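> sequence-free structure coming up:
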Ligand SMILES: Nc1nc2c(ncn2[C@@H]2O[C@H](COP(=O)(O)OP(=O)(O)OP(=O)(O)O)[C@@H](O)[C@H]2O)c(=O)[nH]1
């Protein structure tokens, strides 16, 4: 149905109950696509409603609802997680209800999942290999370990045999790439620092990534066998980054190791378990259908799609119908890291799964479905959703501007920043100045990573995972990174003068402060006649007594000095037959208050605006 709308533009209207579902981060273009309108006309409509926006800018829920109510649509903004949840619920799989129903007594301890991080050549791979070869269980089984993306080792701790799961792809890049996909796999990070080399740039980057994810860190001071090794120096260097060794009164465990000589590994595993027990409550319910995350997958010539999955909760069994990413299938066989077949996998157990129809991506979730058919349907729907998401242009996750909006709605309190600069001095100066900004108590500014050099894909991944903004000072993104950031919707701001960067962040933060509003009177009008209009409801024929009456401003109706209607909106304003934006004192006009029809002769319509009070 076409009907003229505000501002005289033609827009297909809903009937007031038409539900329009938009994804979080959608823009006016998405809205326009859905109702078959021209995006430019929606820009105009919104402008007439008092909001400025471009067609491609991502808008918040309130703005969409304002627009929706004007055009006769009930707008619901949904997140991808909501969609997934609803999708599963439509197949009678309710993960939320499951979680809620999970009583304490159903939860059983599960092994910690560990990722090894650190500077290049500090010995991550060697350490993973050394740890793997310590496993007594493996030796007993006589198995030859294979790389499947993760493995488990066992260790006796206080008389009990405990398992620890290691992610086999070392480095914070893989860790953050998974996190950017929404998968939180790692419970504890082992930060490897070579004792001869000390803290290096990627050591810091790695610890920033772990800290940004709130993952506790155990430090492995490696290569202590080497001449010139100085483990004390590593401890001292890391205190600067809030990693204070227990022996210095802090709460981070440092363990001296030599991956080459197999020294200190037992103590390292002990430290992992102690850290897990002290800082984390690692429990899961093994007695239900499994779900978890794909951590690695490939297409094997003989075996078809092979995916290594990590069970997060429940128990995965051979024969289960599963959906992993957009692939599905029946678990034909499961193999552990020794290539041995297993019948079931409990929480934190990594296994290779055979039987899927396609190869999932690292970080994709998998779930068990009631039967093959349901698994296929879920996979198909997931695939369609993914295609739609790809077709729709990716929106900014967060920009400085969005931030102000989000904070105004009380939705965020922390602004995460990643700083990249041309030289260490300027990055430090920038960080110091930013952290000294007086931003009040409601807002926290966190610099989650900083570094020298071009902006990398890895920086973008961290920004995605932590919803951060990247500030580039005299640096540009390397290679394809700009496109990647664009696709992922990450805001990168470039500056070449430090104070400009500071000023911009500061003004965003000031805008972010939850504003206080005060009412400002605009004018009043006396009702002299009441007309009935089929389109606009009752129209009050008025004489403006003071100030001015402005369209879209707030209004209240007074009858004998008593407020009869409050918080109304001047939805239509006319001088004779023409739409007017505002009408001044001494002039006559017709005022429509939307669905509010209780207007009588001699009523007074007062108009006002809520204005943000500047902070003192
Ligand atoms: N002396 C000595 N050498 C070690 C030790 N651990 C590792 N190395 C050596 O250090 C070098 C780098 O080890 P890797 O395990 O490849 O280091 P990495 O951190 O995995 O390196 P990238 O994967 O390239 O980031 C290799 O030559 C190892 O043999 C150790 O404890 N002592």
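It's in. If you're wondering where the values come from, they're calculated on a predicted model, not measured in any experiment.
> Quick check: pLDDT value at the closest residue to residue 71 other than its chain neighbours.
Spatially, and ignoring its direct neighbours in sequence, residue 71 is nearest to residue 13 (5.3 Å; C-beta to C-beta, 6 or more residues apart in numbering). Just so you know, the C-beta spots here come from the backbone N, C-alpha and C atoms, and that holds for glycine as well. Reading off the confidence values, residue 13 has pLDDT 81.
> before we move on, what about residue 35?
The predicted local confidence for residue 35 is 86.
> ok, now residue 501?
84.
> and if you look at residue 335?
pLDDT, read off for residue 335, is 93.
> still on that earlier bit, wait, the residue nearest to residue 71 sits on residue 72?
Yes - contact criterion C-beta atoms under 8 Å: residue 13 and residue 72 qualify, at 4.4 Å.
> that older thread, what about the residue nearest to residue 71, neighbour count?
Residues lying near residue 13 (other C-beta atoms under 10 Å) number 18.
> do the same with residue 50
For residue 50, using other C-beta under 10 Å, the count is 13.
> before we move on, what about residue 260?
15.
> what helix or strand is it on?
Element membership of residue 260, judged by DSSP states H and E, is empty: it is in no helix or strand.
> So it sits against residue 129, correct?
No - judged on C-beta under 8 Å, residue 260 makes no contact with residue 129 at a distance of 10.2 Å.
> so who does the residue in the stretch 401-550 of the chain that the ligand sits nearest to touch?
Nearest residue of the stretch 401-550 of the chain to the ligand (C-beta to the nearest ligand atom) works out as residue 458 at 13.2 Å. Residue 458 makes contact with 172, 173, 176, 205 under the criterion C-beta atoms under 8 Å, 6 or more residues apart in numbering.
> Apply 7 Å and report the result again.
173, 176 (C-beta atoms under 7 Å, 6 or more residues apart in numbering).
> Wait, a helix at it?
Yes - judged by DSSP: H, G, I helix; E, B strand; the rest coil, residue 458 forms part of a helix.
> And the closest residue to residue 477 other than its chain neighbours, how far from residue 550?
Spatially, and ignoring its direct neighbours in sequence, residue 477 is nearest to residue 455 (4.2 Å; C-beta to C-beta, 6+ apart). Remark: distance between residue 455 and residue 550 (C-beta to C-beta, to the nearest Å) = 45 Å.
> Neighbour count for these two, which is higher?
residue 455 (25 against 21).
> Contacts only, for that one.
Contacts of residue 455 (C-beta under 7 Å, 6+ apart): 420, 470, 472, 475, 476, 477, 478, 481, 492.
> Restricted to buried residues, select those residues in ChimeraX.
Applying 16 or more other C-beta atoms under 10 Å to these leaves a buried subset, and the ChimeraX line that selects it is:
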select :420,470,472,475,477,481,492
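> Look at residue 250 and say how many residues are nearby.
15.
> What of residue 300?
12.
> and it, what are its bridge partners?
residue 304 (DSSP bridges).
> before we move on, what about residue 18?
Applying DSSP bridges, one finds that residue 18 bridges with residue 73.
> right, and it touches residue 71 too?
No - counting by C-beta atoms under 7 Å, residue 18 sits too far from residue 71 to count as a contact (9.0 Å).
> Look at the two and report which has more neighbours.
residue 71 (23 against 15).
> could you measure the more buried one against residue 57, distance?
Where residue 57 is concerned, residue 71 sits at a distance of 18 Å (C-beta to C-beta).
> again with residue 63
For residue 63, the distance to residue 57 equals 10 Å [C-beta to C-beta].
> Who has more neighbours out of those two?
residue 63 (20 against 17).
> what ranges do the helices span in the stretch 1-150 of the chain?
Using DSSP state H, counting those that start in this stretch, the helices of the stretch 1-150 of the chain run over 28-35, 39-48, 61-71, 80-89, 95-101, 124-134, 136-141.
> mind giving me JSON lines with those helices and columns for distance to the ligand?
Shown next, in JSON lines, are these (distance: least, C-beta to the nearest ligand atom, whole Å):
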{"stretch": "helix 28-35", "distance to the ligand": "42"}
{"stretch": "helix 39-48", "distance to the ligand": "47"}
{"stretch": "helix 61-71", "distance to the ligand": "44"}
{"stretch": "helix 80-89", "distance to the ligand": "33"}
{"stretch": "helix 95-101", "distance to the ligand": "36"}
{"stretch": "helix 124-134", "distance to the ligand": "3"}
{"stretch": "helix 136-141", "distance to the ligand": "20"}
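> Tabulate those (CSV), appending distance to residue 194.
Putting the helices of the stretch 1-150 of the chain into CSV (distance: least, C-beta to C-beta, whole Å) gives the following:
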stretch, distance to residue 194
helix 28-35, 50
helix 39-48, 55
helix 61-71, 50
helix 80-89, 40
helix 95-101, 42
helix 124-134, 10
helix 136-141, 27
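> Averaging pLDDT over each of those helices, report the lowest-scoring one.
When I compare these, helix 136-141 is least confident, with a mean of 53.
> domain assignment for the protein?
19-78, 112-284, 291-389, 410-512, 516-613 (the TED database).
> mind giving me CSV with those domains and columns for distance to residue 91?
Putting those into CSV (distance: least, C-beta to C-beta, whole Å) gives the following:
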stretch, distance to residue 91
domain 19-78, 18
domain 112-284, 20
domain 291-389, 5
domain 410-512, 29
domain 516-613, 40
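> Quick check: the gap between the closest residue to residue 368 other than its chain neighbours and the ligand.
Using C-beta to C-beta, 6+ apart and skipping the chain neighbours, the partner closest in space to residue 368 is residue 289 (3.9 Å). To the ligand, residue 289 is 37 Å away according to C-beta to the nearest ligand atom, to the nearest Å.
> beta partners of residue 289?
Beta-bridge partners, per DSSP bridges, of residue 289: residue 315.
> switch to numbering from 254
Happy to do that; since the first residue is 254 now, the last one works out to residue 542.
> Nearest spatial neighbour of residue 743, chain-adjacent residues omitted?
In space, residue 743 is closest to residue 716, 4.5 Å off (C-beta to C-beta, 6+ apart).
> Is the one you found in a helix, a strand, or coil?
Strictly by three-state DSSP, residue 716 counts as helix.
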